[in-house]
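Student: Structure, please.
(one chain, ligands or ions: 2)
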Amino acid sequence: MDTVVPENEIVEVIKENGGDSFKYCYQCGLCDAVCPWNRVRDFSMRKIIRQATFGLTEIDQEEMWRCTTCKTCVDRCPRGVDQITAGVALRKLGAEYDVYPGNVAPVQNVVASLTSEGNSIGGERDKRADWAKGLAVKPYAEGMEILYFTGCYLSYDPRMREVATATAAILNKAGVDFGILGSKESCCGESIRKTGNEDLFKRLAKENIKTFIDHGVKKVLVSSPHCYHTFKNEYPEFMVNFEVVFISEYIVELINSGRLSLKGDYPKKVTYHDPCYLGRHNGIYDAPREILRQIPALELSEMADSRENSLCCGGGGGHIWMETPKEDRFSDLRVKQAVAVGAEVLVTSCPYCITNFTDSSLDLDESEALEIKDLTEIIQTLL
Ligand code: SF4
Ligand code: SF4
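Tutor: Ligands and ions are numbered 1, 2, ... in the order given. A predicted model of the protein is given here:
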């Protein structure tokens with residue numbers, strides 16, 4: 001494919017979209033040294049920045065789509081370059097010209113599903129609340145204590161629905177007056193924004209904001225770090241004001257206020273994975289560990305690359321929807337790190353991480369058997 005974008009347009013698009021800091025890059029290469037891609041193949045964010053500086057980006061190359069927006073390089077760049085914003089600005093050209101090369105092609109189906117049904121995984125809008133059938137979960141009504149914004153994966157994906165069920169069980173046990181929006185909920189839009197589709201992000205965000213306002217929502221509980229990130233840091237662009245709380249922080253609050261007490265024990269070796277959008281992007285490292293440390297008989301070990309240095313699962317930046325060849329999967333490396341510290345359970349708090357780690361764990365030897373769990377699923381066994 002020969003996709004030619006005028007050089008000055010590339011430079012202007014990056015500038016206009018907040019990626020102007022790319023001009024400060026002095027090509028030290030530190031971003032490449034810390035990037036998880038270079039554990040599985042050659043990849044150079046430094047080169048992408050260099051090409052963009054001169055307007056030489058080729059938007060039909062998969063390289064432009066490789067960044068998972070894990071934020072490792074952003075936190076380390078000595079010149080304050082925001083590689084994610086610059087990279088997403090380039091993808092806006094791809095989205096504008098409808099160019100989704102090679103393994104990126106599935107994003108087109110996601111765009112169609114988000115546009116017609118408001119979710120990223122091909123479900124029907126009318127079935128968004130089906131996960132809650134038979135459970136004590138009410139539709140959200142004004143005046144309730146909290147809105148549980150379930151998110152696409154927890155609403156539709158069979159594995160992730162178990163996490164939504166565990167969350168509802170915890171909330172009910174603690175006597176929380178909560179509800180869901182069901183078919184009135186739309187995808188939060190975080191990941192599609194990272195593929196450069198700003199128009200679709202805005203449309204989804206505005207739909208959710210209107211629904212929140214119509215229902216008098218003041219406080220929103222989320223299970224996905226991606227929903228958390230966009231509600232907390234991106235929805236304020238629309239001058240909206242509501243409180244957002246992540247499930248692990250909320251559980252700490254429920255335990256500390258005496259509303260939730262845990263019974264029994266969990267006699268297993270556990271390790272915790274920090275999702276990029278919970279840890280590096282939002283600084284939540286302690287709440288999940290605080291909960292795990294309170295559980296009797298649970299033995300918590302830290303993997304290599306934990307907390308600020310956490311190894312990305314490979315699902316951010318829209319990659320959860322793209323094809324990732326086996327040899328390119330960071331999640332394969334991460335499950336090996338969990339096995340290396342003797343863990344029987346790899347626990348985390350993100351639907352993308354759970355999806356990728358579950359896939360990777362299927363390839364482990366029998367002697368390395370590893371369960372992949374959301375934090376709420378462990379709490380559920382202690383209610
Ligand atoms: S770390 Fe920063 S200054 Fe160094 S090459 Fe990467 S973007 Fe440029
Ligand atoms: S944000 Fe992460 S994946 Fe993207 S270039 Fe930086 S280190 Fe690599």
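Student: do you know how far S44 is from C31?
Tutor: S44 is 8 Å from C31, where distance means Cβ to Cβ, to the nearest Å. In short, each C-beta sits where N, CA and C put it, glycine included.
Student: between the two, which one's more packed in?
Tutor: Neighbours were counted for S44 and for C31 using other Cβ atoms under 10 Å; C31 has more, 25 against 17.
Student: Which pLDDT value goes with the more buried one?
Tutor: pLDDT recorded at C31 is 98.
Student: Now it. Nearest residue, chain neighbours left out?
Tutor: Spatial nearest neighbour of C31, excluding adjacent residues (Cβ to Cβ, 6 or more residues apart in numbering): C73 at 3.6 Å.
Student: residue ranges for the helices of the stretch 151-300 of the chain, please.
Tutor: Secondary structure of the stretch 151-300 of the chain, counting by DSSP state H, counting those that start in this stretch: helices at 152-156, 158-173, 190-194, 198-214, 225-229, 247-256, 286-294.
Student: Tell me how many other residues surround the residue nearest to C31.
Tutor: 21.
Student: Could you do S186 as well?
Tutor: Counted with other Cβ under 10 Å, the neighbours of S186 add up to 22.
Student: repeat for the one 10 residues further on
Tutor: Other residues within reach of G196, judged by other Cβ under 10 Å, total 27.
Student: check contacts around it.
Tutor: Going by Cβ atoms under 8 Å, 6 or more residues apart in numbering, G196 touches 88-96.
Student: Might one say that the residue nearest to C31 is in contact with R46?
Tutor: No. Shown here, C73 and R46 do not form a contact pair, counting by Cβ atoms under 8 Å, at 9.1 Å.
Student: any common contacting residues for the two?
Tutor: Jointly contacting C73 and R46 under the rule Cβ under 8 Å, 6+ apart are C31.
Student: wait, does stretch 339-353 contact ligand 2?
Tutor: No. If you take Cβ under 6 Å from any ligand atom as the test, stretch 339-353 misses ligand 2, and the best it gets is 13.8 Å.
Student: buried residues in that stretch?
Tutor: Neighbour-count burial for stretch 339-353 flags 339, 341, 343, 345-353 (criterion: 16 or more other Cβ atoms under 10 Å).
Student: and the contacts of G196, which of them are in helices?
Tutor: Using DSSP state H, the members of the contacts of G196 that fall in helices are 88-96.
Student: Which one (most neighbours) among those residues?
Tutor: R91 (27 neighbours).
Student: still on that earlier bit, from the buried residues of stretch 339-353, which land in helices?
Tutor: Per DSSP H, helices hold the following members of those: 339, 351-353.
Student: From ligand 2, how far off is the nearest residue to G315 once chain neighbours are set aside?
Tutor: Of all residues not flanking G315 in the chain, Y352 sits nearest, at 3.1 Å (Cβ to Cβ, 6+ apart). Here Y352 is placed at a distance of 14 Å from ligand 2 (Cβ to the nearest ligand atom, to the nearest Å).
Student: Also I284?
Tutor: I284 sits 18 Å away from ligand 2, going by Cβ to the nearest ligand atom.
Student: Phi first, then psi, for that residue.
Tutor: Per-residue torsions, I284: phi -90, psi 100 (degrees, to the nearest 10).
Student: What is the burial count for it?
Tutor: With other Cβ under 10 Å as criterion, I284 counts 19.
Student: Name all residues that make contact with it.
Tutor: Taking Cβ under 8 Å, 6+ apart, we find I284 in contact with 225, 246, 248-249, 278.
Student: Which residues of the stretch 201-350 of the chain lie near ligand 1?
Tutor: Counting by Cβ under 6 Å from any ligand atom, the stretch 201-350 of the chain has no residue next to ligand 1.
Student: Return the backbone torsion pair for whatever residue of the stretch 201-350 of the chain ends up closest to ligand 2.
Tutor: When scored by Cβ to the nearest ligand atom, the stretch 201-350 of the chain has C312 as its residue closest to ligand 2, at 6.2 Å. Recorded main-chain torsions at C312 are phi -50, psi 140, according to degrees, to the nearest 10.
Student: For I14, which non-adjacent residue is closest in space?
Tutor: In space, I14 is closest to A89, 4.3 Å off (Cβ to Cβ, 6+ apart).
Student: what's the pLDDT at that neighbour?
Tutor: For A89, pLDDT reads 89.
Student: Could you measure from it over to ligand 1?
Tutor: Distance check for A89 against ligand 1: by Cβ to the nearest ligand atom, it reads 14 Å.
Student: Also S360?
Tutor: With Cβ to the nearest ligand atom as the criterion, S360 and ligand 1 are 28 Å apart.
Student: Figure out the helix or strand that that residue lives in.
Tutor: Assessed by DSSP states H and E, S360 sits inside helix 351-361.
Student: got a list of what the residue in the stretch 151-300 of the chain that ligand 1 sits nearest to touches?
Tutor: Proximity of the stretch 151-300 of the chain to ligand 1 (Cβ to the nearest ligand atom) peaks at R280, 15.4 Å away. Counting by Cβ under 8 Å, 6+ apart, R280 touches 70-72, 75, 274, 308, 310.
Student: same check, this time on E249
Tutor: Applying Cβ under 8 Å, 6+ apart, the residues near E249 are 284, 287.
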